[in-house]
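Visitor: coordinates for the following, if possible.
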Amino acid sequence: MGICSFNNMSMIEIGQYEFNPSHVIFTGHHGTLYEGNPVYDRSFQITIKEMHGTYSSSLFHSLEPFLKSLMQIQNPYLCNYIDYFFDGKEKLYLIMDYCAHGNLHDILQHNNLALLENNEEEIGISYCKQIIQGLLAIHEKGVLHGHLRPHNILVNYKKVKISNFGMWKINTLSSIQTEKKLTIYIAPESLQTEDEPTFEEDIWALGVILYEILYHKRPFELKDGVHYSLQIDTGKHKELDHIISKCLISDPKKRMTSKELRDLVGRLIN
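Guide: Prediction:
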């Protein structure tokens with residue numbers, strides 16, 4: 001590991017990577033994201049995430065096996081972890097894929113799914129398929145997301161990449177407390193509890209996100225900690241409508257499992 005330092009270009013150097021602290025992509029619950037690059041290749045863009053909180057050497061070493069396991073999960077529909085860096089004192093950095101067009105939440109808010117083309121419906125269906133494959137890629141490795149929502153899905157031209165998978169576990173292992181914000185992406189069984197997230201909750205969140213992409217509106221509103229169903233539309237895509245209906249089942253025991261979702265994916269992708 002290298003030394004964390006400033007160079008004469010106001011860049012922060014962390015090992016073999018560097019970033020300009022003024023080039024902030026986003027500040028979220030878990031950390032601040034910066035545009036960066038390898039020191040040896042300034043033309044290659046990456047994302048560097050400076051984690052919130054203080055990390056001791058002993059804490060870092062206890063986290064390192066999990067960080068290594070996250071790096072083993074590589075998929076075109078994930079914001080893959082490339083590397084990590086600990087400064088030896090208190091700062092932990094995660095090195096990740098770079099995405100050029102922000103997050104899905106902002107795109108949905110501005111009703112701009114097309115990005116580069118006018119065929120919005122085709123792009124939306126493509127995004128849905130990619131998100132499903134990305135989520136299955138982490139579930140098949142025994143890793144759940146725990147905070148799946150449009151803010152954590154990054155966009156790069158015609159591709160979307162799920163980001164921040166495994167962050168909840170890093171926070172848990174680090175004893176970092178984060179406030180639970182109630183949203184429609186939290187499954188009904190988890191709204192009133194402080195229990196750890198589950199694979200079933202990821203599936204619920206998937207259904208909400210797919211619906212938002214296809215129909216440009218939310219399937220639920222949240223009032224007083226309870227989901228209130230709105231009019232659920234169908235008809236844009238038979239297979240995706242079926243998946244959404246199986247994801248948005250209130251009883252987690254009856255909700256679609258990752259295995260069942262995998263069984264449906266072949267027909268959907270083809």
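
Visitor: kindly tell me how buried residue 169 is, as a neighbour count.
Guide: Each residue near residue 169 was counted by other C-beta atoms under 10 Å, and the total is 18. Heads up, the C-betas are built off the backbone N, CA and C, glycines and all.

Visitor: wait, I meant residue 27
Guide: Using other C-beta under 10 Å, residue 27 is surrounded by 12 other residues.

Visitor: what do you get for residue 30?
Guide: Residue 30, neighbours per other C-beta under 10 Å, totals 21.

Visitor: I figured it hits residue 94, correct?
Guide: No. Applying C-beta atoms under 8 Å as the test, residue 30 and residue 94 come out as separate, 9.1 Å apart.

Visitor: which neighbours do those two have in common?
Guide: Counting by C-beta atoms under 8 Å, 6 or more residues apart in numbering, the residues touching both residue 30 and residue 94 are 49, 51.

Visitor: do a quick rundown of the helices in the chain.
Guide: 57-71, 104-109, 120-139, 167-173, 199-215, 238-247, 258-269 (DSSP state H).

Visitor: mean confidence for the fifth one?
Guide: For helix 199-215, the per-residue pLDDT values average out at 95.

Visitor: that helix - contacts with which helices or strands?
Guide: helix 104-109, helix 120-139, helix 238-247, helix 258-269 (3 or more C-beta pairs under 8 Å, 6 or more residues apart in numbering; DSSP states H and E).

Visitor: by how many degrees do the second one and helix 199-215 diverge?
Guide: In terms of direction (axes from the mean of the first three to the mean of the last three C-alpha atoms, to 10 degrees), helix 120-139 departs from helix 199-215 by 170 degrees.

Visitor: packing partners of helix 120-139?
Guide: Applying 3+ C-beta pairs under 8 Å, 6+ apart, one finds that helix 120-139 contacts strand 159-162, helix 199-215, helix 238-247, helix 258-269.

Visitor: what's next to it, contact-wise?
Guide: Residues outside helix 120-139 that contact it (C-beta under 8 Å, 6+ apart) are 73, 75, 77-78, 104, 113-115, 117, 144-145, 148, 153, 158-162, 165-166, 199, 202, 206, 209-210, 213-214, 236-237, 240, 243, 258, 261-262, 265, 268-269.

Visitor: okay, now residue 68: neighbour count?
Guide: 11.

Visitor: return the most buried member of the helices of the chain.
Guide: For these, average neighbour numbers computed from mean count of other C-beta atoms under 10 Å are highest in helix 199-215, which has a mean of 24.

Visitor: what about that helix, distance to the chain center?
Guide: The offset between the C-alpha centroid of helix 199-215 and the centroid of the whole chain comes to 13 Å, using C-alpha atoms, centre = their mean, to the nearest Å.

Visitor: between that helix and helix 238-247, how many degrees?
Guide: With the same axes, to 10 degrees applied, the angle from helix 199-215 to helix 238-247 works out at 140 degrees.

Visitor: helix 199-215 to helix 258-269, inter-axis angle?
Guide: Angle between the axes of helix 199-215 and helix 258-269 is 20 degrees (criterion: the same axes, to 10 degrees).

Visitor: that concludes my questions; thank you for your assistance.
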